[in-house]
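K.L.:
Okay, here's the prediction I keep looking at, along with the sequence it came from:
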Amino acid sequence: MSSTFDQIANIIAETCDIPRDTIKPESHAIDDLGIDSLDFLDIAFAIDKAFGIKMPLEKWTQEVNDGKATTEQYFVLKNLADRIDELVAAKNAGGGAAT
Amino acid sequence: MNLDYFQLIDRIVDLNLEAGTITVEAQVPEKHTIFEGHFPGFPIMPGVLLTEAMAQSCGWLILGVLKFERMPFLAIVKEAKMRGFVSPGQLLTIEAKLEHEGSGFAVAKAKGRIGKDLKCSAEITFGLAPFPDPVFRTHMDAMANKIGFPLQAVAQ
C-alpha cells in the first residue's frame, strides 16, 4: 500500500502534468510546483475522493490569511500528507471531519 | 431559453436534494440570430451553449444544496461531449447529479437529452463564493421563482 505522500504526488502528477520524479515530500505545492488555485480544486477533488474526506481548504486559507498559520503547514506535501492522515484518522474514529 | 440574456433553463421539473439530483427543461427557440450564423442552412445549437445549459442546470442544483447561501461560479469543464445535434424548436431535458461538495467547490455531472437521445454530457466544477452583490442575490431569487425552483425544498 502506497504512502499518503505517494498517493498525493501521483494525483498531482496526473492532474497537473508535472513529472512525478520532480514531486518531493519537501515540495511546496504553490511555490515549488507552481500549482494555481484552479488546479488545486482538481487536486482537492481527487484527494477528497481518494481518501473519503473533505479537506477544509477554506479554513486553511483563512488561517493563512489571518496569519494564524503558514502556507508551509498545509501546502508542503509532507505536511499536507500529515493533515490528510489526521482527517482520515478522525473520520475512522467516527468524529467527522477533523479541521 | 432566453438566449439574449443567457438564461438557458426554462423550468425545473424535479429537484431531489437528498439524492443530489435535478432535472430541468430548456426549450430551444425556433428562431434566433445565432442560428443564422451557426450555421446557414443548417441551424444547430452551439456546443458552448449546450455546455452552458448543463452548467446552469448543475448550478441550480448546487444553489439548492447550499440553500442559496453561496453562489456557484463555473470553474472547470471536463469531458464535455457533444454527442448529437440539437436543433431549433427542440426540447432539451438536462439531468444533473452532484458528485462532490468540497470545501469551497462542488463537482457535478450533467447529461442533456432530446427525448431519449443523449446529446451532450460533461463533468463540471464550480467555485463557491458568497453573493458579491445583493442585487445579484435578488435576481437569483426572481429567476428561481420564474423557473419553478421549489423553494420549500431548501427551507427544510
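P.N.:
Nice, thanks for sending it over.

K.L.:
ok, the residue most central in space within chain A - contacts?
P.N.:
Against the mean C-alpha coordinate of chain A, by CA atoms, centre = their mean, the closest residue is A:Leu80 at 4.3 Å. For A:Leu80, the contacting residues are A:8, A:29, A:74, by CB atoms under 8 Å, 6 or more residues apart in numbering or on different chains. No exception for glycine: its C-beta is placed from N, CA and C like everyone else's.

K.L.:
which SS state does the spatially closest residue to B:Phe105 that is not a sequence neighbour fall under?
P.N.:
Computed as CB to CB, 6 or more residues apart in numbering or on different chains, the closest residue to B:Phe105 that is not its neighbour in sequence is A:Leu41, at 4.9 Å. What DSSP: H, G, I helix; E, B strand; the rest coil gives for A:Leu41 is helix.

K.L.:
Against A:Glu58, how distant is A:Leu41?
P.N.:
Note on A:Leu41: its distance to A:Glu58, by CB to CB, to the nearest Å, is 12 Å.

K.L.:
So for those two, which sits in the more crowded spot?
P.N.:
Just comparing A:Leu41 and A:Glu58: by other CB atoms under 10 Å in any protein chain shown the higher neighbour count belongs to A:Leu41, 22 against 14.

K.L.:
Quick check, that one in contact with B:Gly127.
P.N.:
Yes: in this structure A:Leu41 lies within contact range of B:Gly127 using CB atoms under 8 Å: 7.0 Å.

K.L.:
list residues touching both of the two?
P.N.:
Here A:Leu41 and B:Gly127 share the contacting residues B:75, B:104-105, scored by CB under 8 Å, 6+ apart.

K.L.:
with those residues in mind, which one is nearest to B:Gln90?
P.N.:
Using CB to CB, B:Ala75 comes nearest to B:Gln90 of the shared contacts of A:Leu41 and B:Gly127, at 28.8 Å.

K.L.:
burial count for the closest one?
P.N.:
Applying other CB under 10 Å, we find 18 residues neighbouring B:Ala75.

K.L.:
so which strand or helix has the most far-flung residue of chain B relative to its centre?
P.N.:
Distance to the chain centre peaks in chain B at B:Gly41, reaching 27.8 Å (criterion: CA atoms, centre = their mean). For B:Gly41, there is no enclosing helix or strand under DSSP states H and E.

K.L.:
and what of B:Pro72?
P.N.:
Per DSSP H and E: B:Pro72 is located in strand B:71-82.

K.L.:
contacts for that strand?
P.N.:
In contact with strand B:71-82 (CB under 8 Å, 6+ apart) are residues A:38, A:41-42, B:47, B:50-51, B:54-55, B:58-59, B:62-63, B:66, B:105-106, B:119-132, B:136-137, B:140.

K.L.:
List buried residues within those residues.
P.N.:
In terms of neighbour count (16 or more other CB atoms under 10 Å in any protein chain shown), the buried residues within the contacts of strand B:71-82 are A:41-42, B:50-51, B:54-55, B:58-59, B:62-63, B:105-106, B:119-128, B:140.

K.L.:
Fine by me, we can end here.
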